[in-house]
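Q: got a structure for you, letters missing:
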């Protein structure tokens, strides 16, 4: 038998990497769990404790269909820790550890940034990154609790002022000229300068500026309509919704609507949806992401899902893949990864990831959701 940690029993060491340790144990409900904690020495380092706290916030903000939920965390005790369920085919505290390892050396004191604490926490990318760590080029602001040794995580930072340094002196000089010589010549000169400035400005014809504007998402805000006239496309099983069955979900700003079984409830958050049906013990998670680079081959590889080795993966076509992941508790996770061209609200290619948890012996409701999303993104 292992030791106890907080309310968790039968705790034993599964992995140690410098300052970070992963334990396995049992929670109060008898479920298998994983615990990420700091060693006794590293727990005394304020920078590492701050990094653990930031990482817990990051994990909550970026949890996707393939990530186990955080069950509990104790960040202020003598031995801080965070706990997730241990589920086959799902990422638990390992993704938190990988992020922390990417933020600095695995052992010894972490470098602490100087300056006023801004309260910023890392901005995160897409949850389907295999390691849960986004790749972005920015650097941390002053006051961030930890100065990362890797450029793999971006930070929220204050927007640099667009006011030129010469603006105030110029205003003072112009004011003096107006008082001394009158305003006519000055105003004429300002108009000429404005014309010249406009010709030099990126907005007056710079291809780079235009391309940057075109690259920005331009979503609409209307509610999509579930289209019952589209011929159903079956990619898993042979069950789907028709016009008389299922409950349509129409999130404002989405490129498509989808259906879930009657009795389901859904929480919608921008481009993410989480639905549950207690009657059939079914859970659904759907997340969308616009492709910044047009959903080309390299980008598809980068933002597509990372499924475990034991997943039954099927490539339907160059834009669509499905997977089945059987769980030890008798449930089945069926998932859909699809790149598509929206025809509503959005005008750029997108990726949708659907994960449905169903009883392994009654998967039809899950197949209906998967096939319906594939059909509505035709």
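A: Done, it's in. Keep in mind the model is a prediction, meaning the values are calculated, not measured.
Q: Can you tell me the SS state at the closest residue to residue 220 other than its chain neighbours?
A: Once flanking residues are discounted, residue 220 sits nearest to residue 345: 3.7 Å by Cβ to Cβ, 6 or more residues apart in numbering. (C-beta placed from N, C-alpha, C; glycine too.) Of the three states, residue 345 takes coil according to DSSP: H, G, I helix; E, B strand; the rest coil.
Q: who's in contact with residue 345?
A: Listed by Cβ atoms under 8 Å, 6 or more residues apart in numbering, the contact partners of residue 345 are 219, 220, 221, 222, 224, 253, 254, 255.
Q: Remind me which helix or strand the last one belongs to.
A: Right, residue 255. Of the helices and strands defined by DSSP states H and E, none includes residue 255.
Q: So what's the residue count around it?
A: 24 (other Cβ atoms under 10 Å).
Q: element containing the spatially closest residue to it that is not a sequence neighbour?
A: Spatially, and ignoring its direct neighbours in sequence, residue 255 is nearest to residue 342 (3.4 Å; Cβ to Cβ, 6+ apart). Following DSSP H and E, one finds residue 342 outside all helices and strands.
Q: and of the contacts of residue 345, the nearest to residue 102?
A: residue 219 (31.0 Å; Cβ to Cβ).
Q: quick one: residue 174 is in a helix?
A: Yes: under three-state DSSP, residue 174 sits within a helix.
Q: which ones are touching residue 52?
A: 36, 38, 75, 80, 82, 100.
Q: Only the buried subset of these, as a PyMOL command please.
A: Applied in PyMOL, the following selects the buried portion of the contacts of residue 52 according to 16 or more other Cβ atoms under 10 Å:
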select buried, resi 36+38+80+82+100
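Q: Generate TSV for the contacts of residue 52, with secondary structure and distance to residue 55 as supplementary columns.
A: Formatted as TSV, these follow (DSSP: H, G, I helix; E, B strand; the rest coil; distance: Cβ to Cβ, whole Å):
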residue	secondary structure	distance to residue 55
36	strand	9
38	strand	11
75	coil	10
80	coil	11
82	strand	8
100	helix	6
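Q: from the contacts of residue 52, which two are the most distant?
A: 75 and 100 (13.3 Å).
Q: Got phi/psi on residue 265?
A: Backbone geometry at residue 265, expressed as degrees, to the nearest 10, gives phi -120, psi 140.
Q: how much space between the spatially closest residue to it that is not a sequence neighbour and residue 284?
A: Sequence neighbours aside, residue 276 is the residue nearest to residue 265 in space, at 6.0 Å (criterion: Cβ to Cβ, 6+ apart). In this view, residue 276 and residue 284 are 7 Å apart by Cβ to Cβ, to the nearest Å.
Q: which neighbours do the two share?
A: Counting by Cβ under 8 Å, 6+ apart, the common neighbours of residue 276 and residue 284 are residue 264.
Q: quick one: which of those two has more around it?
A: residue 284 (26 against 18).
Q: Which neighbouring elements make contact with the helix or strand that the more buried one is a member of?
A: Using DSSP H and E, residue 284 sits in strand 282-290. When contacts are defined as 3 or more Cβ pairs under 8 Å, 6 or more residues apart in numbering; DSSP states H and E, strand 282-290 sits against strand 272-277, strand 350-359, helix 364-376.
Q: Dump these into CSV; add mean pLDDT as well.
A: CSV is the format used below for the helices and strands packed on strand 282-290 (pLDDT from 0 to 100):
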stretch, mean pLDDT
strand 272-277, 92
strand 350-359, 93
helix 364-376, 95
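Q: about what we covered before: do I have it right that the residue nearest to residue 265 meets residue 263?
A: No: in this structure, residue 276 is not within contact of residue 263 by Cβ atoms under 8 Å, at 9.6 Å.
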